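Novice: following is a predicted model, sequence given first.
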Amino acid sequence: AVVLHVAGARPNFPKAAPVIRALDRPGLRQLLVHTGQHYDERMSAVFFRQLRLPEPDINLGVGSGSHACQTAGIMAGLDELMTATRPALTVVYGDVNSALAAALVATKLGIPVAHVEAGLRSFDRSMPEEINRIVVDHLSDLLLATSADAVAHLGNEGIAADKIHFVGNPMIDTLLDNLDRFDVAGIRAALSLPDRYIVATLHRPANVDDPAGVIDLVKAMHAVADQLPVVLPLHPRGRHHLENAGLHSHRALRVVEPLGYIEFVSLVRGAAVVVTDSGGVQEEATMLGVPCLTLRPNTERPVTITHGTNRLVTRAALAEAVATTLDAGRPATWRTPPLWDGKAGERIAEIIAGVLR
Ligand code: UD1
Ligand code: UDP
């Protein structure tokens, strides 16, 4: 049997790596399709080198574009590929356009779909990812959930219980698998950072796409840098607007290129505070016990708040929240969310192997 994995954007790679590894067994052929949604060396190739991911069998090379054009381009490429290879199952990851495109094409060809990270909901349909989550979940035959709230959302939306499996978080498998490679002292030395520093990432359209809003965001980030040096590996999406709004003009705010996974998680591990609007980074900060302030009005990952170290903040409240968090230090009590134990990939592989039998 052939299992086709579809990945294409940065957060897909640490989720796919443990699943592909655990599914490696005789009689099962795995094909990895890279859609080309992300293509810069630092947004893609570095993850293949660092995460023991096999080279993609095919790269569709779709590149950037409007949502419609990007999704359609991936669909056209996958249509041809899936028709030729007739996989027994397609596995899609997360909430990116690559997952949406793959789920649509596979379902219409009668190919079952497994969704890794099913059931997350921000209940905010202005987020492009929320649309992708809903559509992918309702097309999928296997819904592989990272948290109990996700399982509940799927049930509430009428998805049959026998399709839903609570498997844990494969992105956390990757984190645990690499724990002894995270070198805080090394990355601090490489970036000339003091003992205490803040790491930030910004890329949500709601934060970085509107030039007027970006001005307030830059002010807020500068008020953070007034308190402690900040290092910000900048996602290409935000580059233009943030630079125009003067992000770089604060001398304690260091803007760098996107980092490799090992370097980035090393930075998070050593940080006094993380400021982010990323989905995955909220989870990684929780797992490492590092206080996380999320610049969003909502999160589809509530266990990072109920169990972990995460807090939602507005731009206006950010500087004050950083001050309070720096005073409080690392939280003494935080819990690892259930089943974030490094074995999600194995659970997913067993479920997939079971349905292919
Ligand atoms: C995508 C995902 C988002 C995810 C993010 C992770 C969707 C709808 N969004 O957003 O959920 O959080 O990836 O990083 O799928 N660009 C480059 N080089 C690259 C890739 C992108 O310069 O290698 C620039 C291009 O100008 C592009 C822009 O970034 O237009 C946005 O890329 P795109 O893939 O459309 O969305 P992201 O914002 O990266
Ligand atoms: N990441 C990275 N280098 C960076 C920033 C993030 O390797 O400079 C990793 C991060 O550790 C996590 C993933 O990228 O594993 C999260 O991806 P991103 O924030 O782009 O997307 P989201 O999770 O918001 O969809």
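Specialist: Thanks, I have it. Residues are numbered from 1 along each chain as shown. Ligands and ions are numbered 1, 2, ... in the order given.
Novice: pLDDT of the lengthiest helix in the chain, averaged?
Specialist: With secondary structure taken from DSSP state H, the chain has its longest helix at helix 67-85. For helix 67-85, mean pLDDT is 98.
Novice: mind listing the strands the helix or strand just after it pairs with, and their directions?
Specialist: Downstream of helix 67-85, the first helix or strand assigned by DSSP states H and E is strand 89-93. Sheet partners assigned to strand 89-93 using DSSP bridges are listed as strand 2-7 (parallel), strand 113-118 (parallel).
Novice: remind me what the longest helix of the chain packs against, helices and strands.
Specialist: strand 2-7, strand 29-34, helix 97-108 (3 or more Cβ pairs under 8 Å, 6 or more residues apart in numbering; DSSP states H and E). Every residue, glycine included, has its C-beta placed from N, CA and C.
Novice: from the chain's centre, how far out does that helix sit?
Specialist: Centroid separation between helix 67-85 and its chain, computed with Cα atoms, centre = their mean, to the nearest Å, is 22 Å.
Novice: report the angle between that helix and strand 89-93.
Specialist: 150 degrees (axes from the mean of the first three to the mean of the last three Cα atoms, to 10 degrees).
Novice: could you dump helix 67-85 to CSV, C-alpha only?
Specialist: What follows is helix 67-85, C-alpha atoms only, in CSV (Å, rounded to 0.1, in the frame of the first residue of the first chain):
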residue,chain,number,x,y,z
HIS,A,67,-5.2,31.8,-1.1
ALA,A,68,-7.2,30.8,-4.1
CYS,A,69,-4.2,30.6,-6.5
GLN,A,70,-2.0,28.8,-4.0
THR,A,71,-4.7,26.3,-3.1
ALA,A,72,-5.6,25.8,-6.7
GLY,A,73,-2.0,25.3,-7.8
ILE,A,74,-1.5,22.6,-5.1
MET,A,75,-4.8,21.0,-6.1
ALA,A,76,-3.8,20.7,-9.8
GLY,A,77,-0.5,19.2,-8.9
LEU,A,78,-1.9,16.7,-6.5
ASP,A,79,-4.7,15.7,-8.8
GLU,A,80,-2.3,14.5,-11.3
LEU,A,81,0.0,12.8,-8.7
MET,A,82,-2.8,11.1,-6.8
THR,A,83,-4.4,9.9,-10.0
ALA,A,84,-1.1,8.3,-11.0
THR,A,85,-0.1,6.8,-7.6
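Novice: follow-up on the earlier one: could you dump the helices and strands packed on helix 67-85 into JSON lines and include distance to ligand 1 and mean neighbour count?
Specialist: Below are the helices and strands packed on helix 67-85 laid out as JSON lines (distance: least, Cβ to the nearest ligand atom, whole Å; neighbours: other Cβ atoms under 10 Å):
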{"stretch": "strand 2-7", "distance to ligand 1": "12", "mean neighbour count": "25"}
{"stretch": "strand 29-34", "distance to ligand 1": "11", "mean neighbour count": "20"}
{"stretch": "helix 97-108", "distance to ligand 1": "4", "mean neighbour count": "25"}
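Novice: I'd like the ones you listed laid out as JSON lines, including mean pLDDT.
Specialist: Putting these into JSON lines (pLDDT from 0 to 100) gives the following:
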{"stretch": "strand 2-7", "mean pLDDT": "98"}
{"stretch": "strand 29-34", "mean pLDDT": "98"}
{"stretch": "helix 97-108", "mean pLDDT": "99"}
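Novice: ok, which of those comes nearest ligand 2?
Specialist: Set against ligand 2 and scored by Cβ to the nearest ligand atom, these come closest in helix 97-108, at 10.9 Å.
Novice: who does that closest one touch, helix- and strand-wise?
Specialist: Short answer (3+ Cβ pairs under 8 Å, 6+ apart): helix 97-108 packs on strand 2-7, helix 67-85, strand 89-93, strand 113-118, helix 128-139.
Novice: what residues of the longest one count as buried?
Specialist: So that's helix 67-85. Residues of helix 67-85 classed as buried by neighbour count (16 or more other Cβ atoms under 10 Å): Q70, T71, A72, G73, I74, M75, G77, L78, D79, L81, M82.
Novice: between the residues you listed, which is nearest ligand 1?
Specialist: Q70 (5.9 Å).
Novice: please identify the helix or strand for K15.
Specialist: Going by DSSP H and E, K15 is in helix 12-22.
Novice: for that helix, what is the average pLDDT?
Specialist: What helix 12-22 shows for mean pLDDT is 98.
Novice: ok and that helix relative to strand 29-34, angle-wise?
Specialist: Going by the same axes, to 10 degrees, helix 12-22 makes 170 degrees with strand 29-34.
Novice: and the strands in the stretch 101-250 of the chain?
Specialist: 113-118, 142-145, 164-166, 198-201, 230-233 (DSSP state E, counting those that start in this stretch).
Novice: revised request: answer the last question for the stretch 251-357 of the chain.
Specialist: 253-256, 273-276, 292-294, 310-312.
Novice: neighbours around the closest residue to G345 other than its chain neighbours, how many?
Specialist: Distances taken as Cβ to Cβ, 6 or more residues apart in numbering place P18 nearest to G345, at 3.0 Å, with adjacent residues excluded. Neighbourhood size, P18 [other Cβ atoms under 10 Å]: 28.
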